[in-house]
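In: let me see the structure of the following:
(chains A and B)
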Amino acid sequence: MTTSNAIPDLLYDEVDDDLRASVRDMLATRAPWDKVLARIDAGESYDASLWRVIAADMGLAGLAIPESAGGAGAGFRRAAVVLEELGRAVAPVPYLGSAVVATQALLRAGETDLLAELASGERSAALAVPFALAPQAFTADPAGSAFAGNGVAAEGDSLSGTVKGVADALIADVLLVPASGRLFAVEAADATRTPLVSLDATRQLADVTFAGAVGREIASGERAAAAVRGALVAGAALLASEQLGIAEWCLSTTVDYLRTRYQFGRPVGSFQALKHRLADLWMGVTEARAVARYAAAVIADDGDDAEVAAALAQAYCGPLAVTAAEECVQLHGGIGFTWEHPAHLYLKRAKSASVAFGVAARHRAAIGSLVNLPSS
Amino acid sequence: MAEPVTAESLRKLVAGFLADHDPRGDRLEFLRARYDAGLAWIHYPVGHGGLGAPRALQPVVDAEFVAAGAPDNNARRNGIGLGMAAPTILRHGTDAQKRRFLRPLWTGEEVWCQLFSEPGAGSDLATLRTRAVRDGDDWVIDGQKVWTSLAHIARWAILIARTDPTVPKHQGITYFVCDMTAPGVEVRPLRQATGEAEFNEVFLTGVRLSDDLRLDAVGNGWRVAMSTLMNERVAIGGGAVPREGGMIGVLTQEWRERPELRVPALHDELLKYWVRAEAARLSAARIRQQLAVGEVGPEGSAVKLSFATLNQQMTGFELELLAGEGLLHDTWEMKRPEAVDFTDRTPSYRYLRAKGNSIEGGTSEILRNIIAERVLGLPAEPRSDKDIPWKDLPK
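Out: Purely as a prediction, here's the structure:
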């Protein structure tokens, strides 16, 4: 049984606070929700100029990359703070896909050239697997010929096949592609990326098709499988911080509204039926913060509880963010259901994120295996 | 203290103390000496059992005494004294009161109970009707209190009573220390749904308390009581547990040892509890980390609320998991236990006892009000009783 009774530091330090403030300020100026919404109406996908500011100008793409590889060496704990703020702003940037998932895949694969490019913010990368793929669903084929979980095969260094519903691929310069028991880097321009009309338009999915594209092998065998699986575990774990940010925005926005909205001659927030719902939501957010910080800390420290921490993070924070967004819509009443109020952006992001890396039930089942609570 | 207190300096202090005091000698003598050396509750001031040291270092001291095989003060038997009476006396008591009460409280020589709730004043505690009337140097107390754990073994009680019925309810209350051996104090066991009497009802009939048993100013009792209750919530929800500690551990052990009980839907339900219990455990750990660096947040009330809900659901689940076996109970015999023995009783006992978790120490509904108003800043419900003299309130 995997146990972890030594609990790492779950608090934020002063550097975290400063980082949070600068990211929040920047997003308030460059990506207020009405601009995010306007991009959807204009049919625009990822915000490349916002991404350049975050990744290159602010140097945040390399937070989790060691200094020896050109990064900031600040670890995933700090990247988690950035993710909280990006969730809070439903920002249409590929931070999770590039600075967490692809970065962890490259770190695990021992690749350094591409990593340096990601660290500098020059380029971004995406792992070409379905957004809904759970870490535990990704296993190396016993015959070593293919990975379960995507539909790409390699012949020599030539890749063919399609991966459906990939996040952060549309803006990526490089795709990391698991194929036939190996992991390849492919120039995104050499693949066909078909944008999909996505529930969460702030993180638009794409089908990615390879038709004889040439890949550069990054890893093979056990190392490749471990790199992909580690990347998915890190993605599931760190997504919890984004979900925490979503939930916090929903809670605080709803509280502010209920303090100022008057019906029946009093602020509706003075009605006990509504107060109790918000008190319960606040409790959930409080616990979600501890769970998300734990997951980030375990990934940052490369702890042996990583798989449990990631499964716990998605089993708890995924549904919690959805509840927060649903409560936000309901407690805003009529306005909360309109296109011109931002609540729907958070609802879509939260629901979409709760499916990403596997739904909560799948993560609970994973915990059952990891902590020796078998189903039968 | 000129030197800052560190774990290392504390270990040295304890080692020095143990060199002078045999932990296998007289138990009370040892505990009294530990108090006098400031090694009882180290965050208390010098002279009152402490060193004015950071509270976070207490576990270091406790571990040293445990390792030496030293006697402890049987803290479970005096939870109200240690968790509520002591911090209240420390904050609001006179020097003479601190000197009289704190030492025998900490050593466990004197057990304390709490005379707050009344049959007509539960969630709305401030509407209490127990009277305290001044008579020369004494106060004369008349009234009835309920839900009084440990009253039958308590030497002292913290008591709130109405000293002025002509002002609004929060203003006319005064806080006392009640002598449980005084004439007119009658303690009767009050049985609970579990069949046992963990608590009592206490009848106070013409009980005379001298004025030096009053805590803080006349009419200031509500404010003092609030600081007591905040301590209660921290005391109920605060301890460190390992993963799968507490009730979830009871369930996981049964699941692992009894494959014949496994049903698919119950499996996912068990894992839902596992996830919630682990989230609650990490959250409690995070609060302790905040306390250790001096950030006192409002999250403590979340721990208690979350614990109550989860414990009730998990104990109900256990009965269903065990099916027919869950229908048996150990005994309905009336007992008066001094501490709750949660894990060594039958599942039926756990199921019933957990029902008290959302009532004791503030109902879950009141806690949600507190979170909504004090943490989230939502407006209070309009109230009709706030500015009316207590005597004119509808009762």
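
In: quick check, A:Ile54 in contact with A:Leu63.
Out: No. Assessed by Cβ atoms under 8 Å, A:Ile54 is found out of contact with A:Leu63, at 10.5 Å. Yep, even glycine has a C-beta here, placed from its N, CA and C like the rest.

In: what do those two both touch?
Out: Here A:Ile54 and A:Leu63 have A:Val82 as joint contacts, going by Cβ atoms under 8 Å, 6 or more residues apart in numbering or on different chains.

In: what residues does the helix or strand hosting A:Ala213 touch?
Out: Using DSSP states H and E, A:Ala213 maps to strand A:205-214. Applying Cβ under 8 Å, 6+ apart, the contact partners of strand A:205-214 are A:128, A:131, A:152, A:157-167, A:169-170, A:175, A:177, A:186-187, A:190-196, A:198.

In: in PDB, list the C-alpha atoms belonging to the helix or strand just after it.
Out: Downstream of strand A:205-214, the first helix or strand assigned by DSSP H and E is strand A:216-220. In PDB, the C-alpha atoms belonging to strand A:216-220 read as follows (Å, rounded to 0.1, in the frame of the first residue of the first chain):
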ATOM      1  CA  ARG A 216      12.600  12.600 -34.200                       C
ATOM      2  CA  GLU A 217      12.700   9.800 -31.600                       C
ATOM      3  CA  ILE A 218      13.000  11.200 -28.100                       C
ATOM      4  CA  ALA A 219      12.700   7.900 -26.100                       C
ATOM      5  CA  SER A 220      11.700   4.300 -26.600                       C
END
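
In: does chain B have contacts with the helix or strand just after strand A:216-220?
Out: Counting by DSSP H and E, the next helix or strand C-terminal to strand A:216-220 is helix A:221-260. Yes. Counting by Cβ under 8 Å from any Cβ of the partner chain, chain B has neighbours in helix A:221-260: A:Val255, A:Leu258, A:Arg259.

In: need the nearest residue in space to the first one, chain neighbours excluded.
Out: Same thing as A:Val255. Nearest residue to A:Val255 in three dimensions, chain neighbours excluded: B:Leu376, at 5.0 Å (Cβ to Cβ, 6 or more residues apart in numbering or on different chains).

In: that neighbour contacts A:Ala279, doesn't it?
Out: Yes. Shown here, B:Leu376 and A:Ala279 form a contact pair, counting by Cβ under 8 Å, at 7.2 Å.

In: who has more neighbours, the two?
Out: A count of neighbours by other Cβ atoms under 10 Å in any protein chain shown puts A:Ala279 above the other of B:Leu376 and A:Ala279, at 26 against 21.

In: is the helix or strand harbouring the more buried one positioned near chain B?
Out: When elements are assigned from DSSP H and E, A:Ala279 belongs to helix A:272-300. Yes. Using Cβ under 8 Å from any Cβ, helix A:272-300 reaches chain B at A:272, A:274-276, A:278-280, A:282-283, A:286-291, A:293-294.

In: does chain B sit close to the helix or strand that that helix is followed by?
Out: Using DSSP H and E, the helix or strand that follows helix A:272-300 in sequence is helix A:306-331. Yes. Contact of helix A:306-331 with chain B (Cβ under 8 Å from any Cβ) involves A:Leu312, A:Ala315, A:Tyr316.

In: who's in contact with the closest residue to A:Arg259 other than its chain neighbours?
Out: Nearest residue to A:Arg259 in three dimensions, chain neighbours excluded: A:Gly269, at 5.0 Å (Cβ to Cβ, 6+ apart). A:Gly269 makes contact with A:Val255, A:Leu258, A:Arg259, A:Arg261, A:Lys275, A:Leu278, B:Ala372, B:Leu378, B:Pro379 under the criterion Cβ under 8 Å, 6+ apart.
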